[in-house]
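Participant: Structure here, sequence nowhere to be found:
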């Protein structure tokens, strides 16, 4: 039985080292600009950081994937093209792309470069995946977090492209790459500038003993005393209608699919991905170590240990998300 | 693909003893209290020297902090009498301020700072050294932030990208004494056990006297962690 590949996040070289030492098979990361979907202040890699990090990872037989997964602006393709060129020049093992034009550029300019399709492309059916494979030679698809396990199994039965699914971390319940909620509130786009709920537009305000989170002046949530807090993302906002406060799309909660390893293996999934390039190296070390332990046990046919990651998650709650729930 | 022989950093393992960490936090908190008592000029000179030393040991982080726009971040323990005021930007500096029993980041709006991070001292120390995930602390409401969120995120990411050991860095002032730190860390557990045993055997008046002295140490504030 092929082992799952464990794909882990890194927002800094120190986080990459933490992921490698904790047992990552591959680490994904982005450059310090709008070409990737985690464009947060102080985060990400310079070209020199990437060169040093690839050397570190490759010496330990760990792969490095570079996410260049935002959509280039009209008339300003150069930063995205440079990112692809530099990832290829520095010997990244794959680039993770979403934009059709950028996929075409990468396929034509660097035919030897392995292409993965980002979750930002929201490729969720066999026809779309075949198109990416046939037109650009895409070797792996990161599936959107809105599919059930039976749907993933059906996809894998229909197309011979590797699939990668998120198993832990922040849970985006929207059609990724197409969500404009954050853009509406802030004027900045997750899909073009790489910033969902940009920190520049976030404020936390005490309201008595409660904590209010706001985004672009909109109140997204008010957490009562002692209640676990979450990020101020609109998809996980709590809104008042008819004097009742309730979550409209999703609660502040994190994905954890550790209990679904047998189902994901049966569904033909090749790689498991941990979310959280914006998180600290302590989070990355702890979560990667836990998943390494679980995957090693699973591969050896031993019971998967129950590893408590509750302290790490948004809102203090965990879910298996769409994998086991048909909330669409 | 993963190297099965890869091992975790032995140094990280050797200081994992929570009790050693606790005593480090207590000592550094007391040390900051003593520095505060040196007055603005004396403490400023000492902290400037510390910043220069840290910049040499962690050039990546300090270059990044100098490249930030000029701004001030107040790092305010909820259980100590002294707070750190970090100025980022070209005029990078660190100063101490007495805690003013502020609530919920009030300093962000009174002109002292553009942003405030507050929480238990030991947690803040862990956060500064990247030993703990700031988001997880925030989710659990152990850490609160106020003011310019982008400034706090940039600072957090910059410091988390570094592998810092602030106590070891600060002790490198002390020349040969710095070499005692790894020895103390390795032996902190047994040493603390012996001290606790000895303390239990002391007559009550002596125990009370020690407790009174501890309470008067300047870095030890109200509500300190057990």
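Facilitator: Cool, the structure landed. Owing to the predicted nature of the structure, the values given are computational and were not obtained by experimental measurement.

Participant: and the residue of the stretch 101-250 of chain A nearest chain B?
Facilitator: Of all residues in the stretch 101-250 of chain A, residue A:206 sits closest to chain B, at 3.5 Å by C-beta to the nearest C-beta. For the C-beta atoms, the positions are set from N, CA and C on the backbone; glycine is no exception.

Participant: That residue: how many residues sit nearby?
Facilitator: By the measure other C-beta atoms under 10 Å in any protein chain shown, the count of residues near residue A:206 is 14.

Participant: helices or strands next to the helix or strand where it lies in the packing?
Facilitator: For residue A:206, the element it lies in under DSSP states H and E is strand A:202-207. Packing contacts for strand A:202-207, counted by 3 or more C-beta pairs under 8 Å, 6 or more residues apart in numbering or on different chains; DSSP states H and E, involve strand A:210-215, strand B:144-147, helix B:149-160.

Participant: Which of the ones you listed sits closest to residue A:112?
Facilitator: Nearest to residue A:112, of all the helices and strands packed on strand A:202-207, is helix B:149-160, at 32.9 Å by C-beta to C-beta.

Participant: Need the residues that contact the helix or strand following the closest one.
Facilitator: Note on helix B:149-160: by DSSP H and E, the next helix or strand toward the C-terminus is helix B:166-171. With C-beta atoms under 8 Å, 6 or more residues apart in numbering or on different chains as the test, helix B:166-171 has contacts from B:24, B:27-28, B:31, B:50, B:53-54, B:57-58, B:125, B:128-129, B:177-178, B:181.

Participant: just checking, which of the residues you listed belong to helices?
Facilitator: B:24, B:27, B:28, B:31, B:50, B:53, B:54, B:57, B:125, B:128, B:181 (DSSP state H).

Participant: among these, which ones are buried?
Facilitator: Buried members of the ones in helices among the contacts of helix B:166-171, counted by 16 or more other C-beta atoms under 10 Å in any protein chain shown: B:24, B:28, B:31, B:50, B:54, B:125, B:128, B:181.

Participant: Could you work out the end-to-end span of stretch A:72-84 for me?
Facilitator: End-to-end distance for stretch A:72-84: 12 Å, by C-alpha to C-alpha, to the nearest Å.

Participant: Which pLDDT does the model give residue B:14?
Facilitator: We have a pLDDT of 43 for residue B:14.

Participant: Next one: residue A:123 from residue A:130, what distance?
Facilitator: Applying C-beta to C-beta, to the nearest Å, the value for residue A:123 to residue A:130 is 10 Å.

Participant: More neighbours: the two, which one.
Facilitator: The neighbour comparison of residue A:123 against residue A:130 (other C-beta under 10 Å) goes to residue A:123, with 25 against 16.

Participant: show me the contacts for the more buried one.
Facilitator: Applying C-beta under 8 Å, 6+ apart, we find residue A:123 in contact with A:117, A:129, A:132, A:141, A:143, A:144.

Participant: If we use 10 Å, what do you get?
Facilitator: A:98, A:117, A:129-132, A:138, A:141-144, A:155, A:161, A:163, A:177 (C-beta atoms under 10 Å, 6 or more residues apart in numbering or on different chains).

Participant: now swap in residue A:309 and tell me
Facilitator: A:168, A:169, A:254, A:256, A:258, A:283, A:286, A:287, A:290, A:291, A:318, B:136.

Participant: So among those residues, where is pLDDT lowest?
Facilitator: residue A:318 (84).

Participant: now the nearest residue to it once chain neighbours are set aside, which residues is it bridged with?
Facilitator: Once flanking residues are discounted, residue A:318 sits nearest to residue A:256: 4.2 Å by C-beta to C-beta, 6 or more residues apart in numbering or on different chains. Counting by DSSP bridges, residue A:256 forms beta bridges with residue A:168.

Participant: Can you report how many residues neighbour residue A:256?
Facilitator: Neighbours around residue A:256, by other C-beta under 10 Å: 24.

Participant: Low-confidence regions, the chain specifically.
Facilitator: With no chain named, the answer covers chain A. Chain A contains residues with pLDDT under 70 at A:1, A:326-328.

Participant: The intended chain is chain B.
Facilitator: Using pLDDT under 70, chain B drops low at B:1-18, B:100-110, B:173-189, B:191-192, B:213-226.

Participant: Could you export the buried ones among the ones in helices among the contacts of helix B:166-171 as CSV, including distance to chain A?
Facilitator: Listed next are those as CSV, based on distance: C-beta to the nearest C-beta, whole Å:
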residue, distance to chain A
B:24, 17
B:28, 19
B:31, 24
B:50, 21
B:54, 16
B:125, 13
B:128, 11
B:181, 21
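
Participant: Please dump the helices and strands packed on strand A:202-207 into TSV; it should also carry distance to residue A:238 and mean neighbour count for every row.
Facilitator: Below are the helices and strands packed on strand A:202-207 laid out as TSV (distance: least, C-beta to C-beta, whole Å; neighbours: other C-beta atoms under 10 Å in any protein chain shown):
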stretch	distance to residue A:238	mean neighbour count
strand A:210-215	10	20
strand B:144-147	19	23
helix B:149-160	19	24
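
Participant: wait, which of the ones you listed is closest to residue A:195?
Facilitator: So among the helices and strands packed on strand A:202-207, helix B:149-160 is nearest, using C-beta to C-beta, at 10.2 Å.

Participant: quick one: that closest one to strand A:202-207, angle?
Facilitator: Taking axes from the mean of the first three to the mean of the last three C-alpha atoms, to 10 degrees, one finds that helix B:149-160 is oriented at 110 degrees with respect to strand A:202-207.

Participant: chain center to helix B:149-160: distance?
Facilitator: 16 Å (C-alpha atoms, centre = their mean, to the nearest Å).

Participant: what's the angle between that helix and strand A:210-215?
Facilitator: Using the same axes, to 10 degrees: helix B:149-160 against strand A:210-215 is 100 degrees.

Participant: Quickly check: helix B:149-160 near chain A or not.
Facilitator: Yes. Contact of helix B:149-160 with chain A (C-beta under 10 Å from any C-beta of the partner chain) involves B:149, B:150, B:151, B:152, B:153, B:154, B:155, B:156, B:157, B:158, B:159, B:160.

Participant: doesn't residue A:188 make contact with the second one?
Facilitator: The reference is to residue B:150. No. In this structure residue B:150 lies outside contact range of residue A:188 using C-beta atoms under 10 Å: 11.6 Å.

Participant: Mind listing the shared neighbours of these two?
Facilitator: A:198, A:200, A:201.

Participant: Find the nearest non-adjacent residue to the residue nearest to the spatial centre of chain B, please.
Facilitator: Most central in chain B under C-alpha atoms, centre = their mean is residue B:125, positioned 3.4 Å from the mean C-alpha point. Leaving out its chain neighbours, the residue that sits closest to residue B:125 by C-beta to C-beta, 6+ apart is residue B:25, at 5.4 Å.

Participant: helix, strand or coil for residue A:95?
Facilitator: For residue A:95, the assignment made with DSSP: H, G, I helix; E, B strand; the rest coil gives strand.

Participant: Mind listing the residues bridging to it?
Facilitator: Beta-bridge partners, per DSSP bridges, of residue A:95: residue A:66, residue A:115.

Participant: If you tally nearby residues, what's the number for residue A:249?
Facilitator: For residue A:249, the neighbour count with other C-beta under 10 Å is 14.

Participant: what about the strands in chain B?
Facilitator: B:71-77, B:82-88, B:93-98, B:115-119, B:144-147 (DSSP state E).

Participant: Which strands or helices does the fourth one pack on?
Facilitator: What that stands for is strand B:115-119. Helices and strands touching strand B:115-119, by 3 or more C-beta pairs under 10 Å, 6 or more residues apart in numbering or on different chains; DSSP states H and E, are strand B:71-77, strand B:82-88, helix B:121-128, helix B:134-139, strand B:144-147, helix B:149-160.

Participant: and with 7 Å instead?
Facilitator: Judged by 3 or more C-beta pairs under 7 Å, 6 or more residues apart in numbering or on different chains; DSSP states H and E, strand B:115-119 is in contact with strand B:71-77, strand B:144-147, helix B:149-160.
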